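Peer 1: Could you work out the structure for the sequence below:
(one chain, ligands or ions: 1)
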Amino acid sequence: MPSPRQFDVIVLGAVAAGLMCAAVAGQRGRRVLLLEHNGQPGRKILISGGGRCNFTNLHCAPANFLSENPHFAKSALANYQPRHFLELVEKYGIPWHEKALGQLFCNGSARAILDMLLGECALGSVEILLNARRIAVEHHSGVFHVTSTVGGFLAPALVVATGGLSIPKLGATGLGYDLARQFGLRVIEPRPALVPLLLGGSEAGWTELAGVAAEIEARAGASAFREKMLFTHRGLSGPAILQASSYWRPGEPLFVDFAPHLDADSGILEALNQPGARRDDAAFRQLLRSFLPQRLASHLAQAAAPEGWSNAAITACEHSLHRWAFHPIGTEGFEKAEVTAGGVDTRDLEAKTMESRAVSGLFFIGEAVDVTGHLGGFNFQWAWASGTAAGKAV
Ligand SMILES: Cc1cc2nc3c(=O)[nH]c(=O)nc-3n(C[C@H](O)[C@H](O)[C@H](O)COP(=O)(O)OP(=O)(O)OC[C@H]3O[C@@H](n4cnc5c(N)ncnc54)[C@H](O)[C@@H]3O)c2cc1C
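Peer 2: Next up is the predicted model:
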């Protein structure tokens, strides 16, 4: 058995947070080893943003993140901002464009972002070992002993960047949470986020609209998102639903405003009160068709038609159009969730460095931590920011 090789820092997980952290630490002169159990680094970067990687968001702010402690992410996000990542992107001459809402994407393939991060790791002489399976960690006298199928390694600092449980077929495992628990850190129960929702029972009929999309406002808890919703064969998806899903909890309703552009009290009643306007099913369906896709308008006209067409019934119908309660029976789970909410409890980490408060030299970064971004480049920004925070501290 060869004796373990020594490094200053061992990073587990070679995607967004891990590559960033390794590059920053390596360029500070640290001898860095990056271990990844996949046969290639950065798989999730390659498929992100539909293959074009939505690598950051210009409007990134702490309010774009969910966490048990909404203040935790502030320090790392302030110290590494979207413009810092953009400077790197420009240094590598990667063409990019801004889509709606400050979302920055590559013009070409997401591979350019991965190559850039690998280039930054090479500048820091980071050693990357792939196919590193069965990783186990012990800690004696201030040194982390890591064993794996590609060898044994020692270092005074260990950075865990193994992400969450989303998309197991890309390599997701619970290693980060297991290590956190092994070293006494608390873990907020991981749950699928940015994930399609399932409809069933009396609401299963809505899935007949599979393929229909409409601009709506989806609300879960206190958070609302006005974007597109898409009906699927199993339930609801599209950006508005994915965003709201991060706030939705099983057993709770999800509210949809089908007419977010209309006055909540008078829009429909007013339209049906126009001179010459009829008050019947056909007129109601026609009205809905003026701002909703035809199939959705017909379905909704049947489901929501006011009984008796009195002013009171129309007003009640109007309220229900603005606050339609769906009762999802679940989510599509970690197989389809873009991210994992929950994770290593931020109460047990230093906000400036991502280091464990109790175990010196142990760091958790990226999606493994209980900080989850909205859709739109925020999750990568958190990976870059938390990776940089730890990379500067190890
Ligand atoms: C389809 C899809 C598209 C996305 N698009 C975007 C986007 O455009 N913009 C955006 O901001 N966010 C996007 N995201 C979210 C973003 O990809 C993640 O939030 C981000 O990659 C998290 O980075 P991370 O480094 O913390 O973890 P991960 O990217 O999950 O990387 C963790 C790494 O650790 C490795 N690992 C796990 N377990 C082990 C183990 N036991 N041993 C060894 N290695 C292990 C994994 O193989 C993986 O390589 C997308 C996510 C998905 C699924």
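
Peer 1: From here on, just use CA atoms for contacts and neighbour counts.
Peer 2: OK.

Peer 1: Around the ligand, pick out the residues from the stretch 251-394 of the chain.
Peer 2: Within the stretch 251-394 of the chain, the positions near the ligand by C-alpha under 6 Å from any ligand atom are 338, 339, 366, 367, 368, 376, 377, 378, 379, 380, 383.

Peer 1: ok, how many other residues are close to the fifth one?
Peer 2: By other C-alpha atoms under 10 Å, 30 other residues sit near residue 368.

Peer 1: Once you drop chain neighbours, what's closest to it?
Peer 2: residue 163 (4.4 Å; C-alpha to C-alpha, 6 or more residues apart in numbering).

Peer 1: Likewise for the fourth one?
Peer 2: Here the nearest residue to residue 367 in space, its sequence neighbours aside, is residue 163; by C-alpha to C-alpha, 6+ apart that works out to 4.6 Å.

Peer 1: going on from the helix or strand hosting residue 87, what's the next piece of helix or strand?
Peer 2: Using DSSP states H and E, residue 87 falls within helix 82-91. Next in sequence after helix 82-91, counting helices and strands by DSSP H and E, comes strand 96-98.

Peer 1: ok, the closest residue to residue 40 other than its chain neighbours - contacts?
Peer 2: Excluding the flanking residues, the one nearest residue 40 by C-alpha to C-alpha, 6+ apart is residue 130, at 6.4 Å. Going by C-alpha atoms under 8 Å, 6 or more residues apart in numbering, residue 130 touches 35, 36, 37, 38, 39, 40, 41.

Peer 1: Out of these, which are close to the ligand?
Peer 2: Answer for the contacts of residue 130 near the ligand (C-alpha under 6 Å from any ligand atom): 36, 37, 38.

Peer 1: in which helix or strand would I find the last one?
Peer 2: Right, residue 38. Under DSSP H and E, no helix or strand contains residue 38.

Peer 1: picking up where we left off before, please convert the contacts of residue 130 to TSV, extending it with pLDDT and neighbour count.
Peer 2: TSV is the format used below for the contacts of residue 130 (pLDDT from 0 to 100; neighbours: other C-alpha atoms under 10 Å):
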residue	pLDDT	neighbour count
35	98	26
36	98	24
37	97	22
38	98	18
39	98	11
40	97	13
41	98	24
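
Peer 1: And for the residue nearest to residue 367, the neighbour number?
Peer 2: 30.

Peer 1: the longest helix in the protein is where?
Peer 2: Ranked by residue count and defined by DSSP state H, the top helix of the chain is helix 378-393.

Peer 1: Determine the set of other helices and strands touching it.
Peer 2: Applying 3 or more C-alpha pairs under 8 Å, 6 or more residues apart in numbering; DSSP states H and E, one finds that helix 378-393 makes contact with helix 16-27, strand 54-57, helix 74-79, strand 372-373.

Peer 1: In a markdown table, list these along with mean neighbour count and mean pLDDT.
Peer 2: Converted to a markdown table, the helices and strands packed on helix 378-393 look like this (neighbours: other C-alpha atoms under 10 Å; pLDDT from 0 to 100):
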| stretch | mean neighbour count | mean pLDDT |
| --- | --- | --- |
| helix 16-27 | 29 | 98 |
| strand 54-57 | 26 | 98 |
| helix 74-79 | 17 | 98 |
| strand 372-373 | 26 | 98 |
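
Peer 1: So what touches the helix or strand of the chain with the lowest mean pLDDT?
Peer 2: Scoring the helices and strands of the chain by mean pLDDT, DSSP states H and E places helix 267-272 at the bottom, with a mean of 74. Residues from elsewhere that reach helix 267-272, judged by C-alpha under 8 Å, 6+ apart: 262, 277, 278, 279, 283, 284, 287, 311, 314, 315, 318.

Peer 1: the strands in the stretch 151-300 of the chain, which residues?
Peer 2: 151-155, 157-160, 187-193, 197-198, 213-220, 223-231, 235-237, 254-257 (DSSP state E, counting those that start in this stretch).

Peer 1: tally of neighbours for residue 366?
Peer 2: 28.

Peer 1: so who does it touch?
Peer 2: By C-alpha under 8 Å, 6+ apart, the residues touching residue 366 are 16, 17, 18, 161, 163, 382, 383, 384, 386, 387.

Peer 1: how close does the second one sit to residue 387?
Peer 2: Spelled out, that is residue 17. Distance, residue 17 to residue 387, using C-alpha to C-alpha, to the nearest Å: 5 Å.

Peer 1: Find residues that contact each of the two.
Peer 2: 365, 366.

Peer 1: Tell me how far the residue in the chain sticking out farthest from the centre lies from residue 261.
Peer 2: The C-alpha centroid of the chain is most remote from residue 276, which lies 49.4 Å away (C-alpha atoms, centre = their mean). Separation of residue 276 from residue 261 (C-alpha to C-alpha) stands at 24 Å.

Peer 1: Which of the residues of the stretch 251-394 of the chain next to the ligand sits closest to residue 184?
Peer 2: Distance to residue 184 across these (C-alpha to C-alpha) is lowest for residue 368, with 15.4 Å.

Peer 1: From the chain's centroid, how far away is stretch 78-92?
Peer 2: In terms of C-alpha atoms, centre = their mean, to the nearest Å, the gap separating the centre of stretch 78-92 from the centre of its chain is 20 Å.

Peer 1: Quick check: buried residues in it?
Peer 2: Within stretch 78-92, the residues that count as buried by 16 or more other C-alpha atoms under 10 Å are 80, 81, 82, 85, 86, 89.

Peer 1: Spit out the contact partners of the nearest residue to residue 26 once chain neighbours are set aside.
Peer 2: Nearest non-adjacent residue to residue 26, counting by C-alpha to C-alpha, 6+ apart: residue 124, 3.9 Å away. For residue 124, the contacting residues are 22, 23, 24, 25, 26, 27, 28, 29, 30, by C-alpha under 8 Å, 6+ apart.
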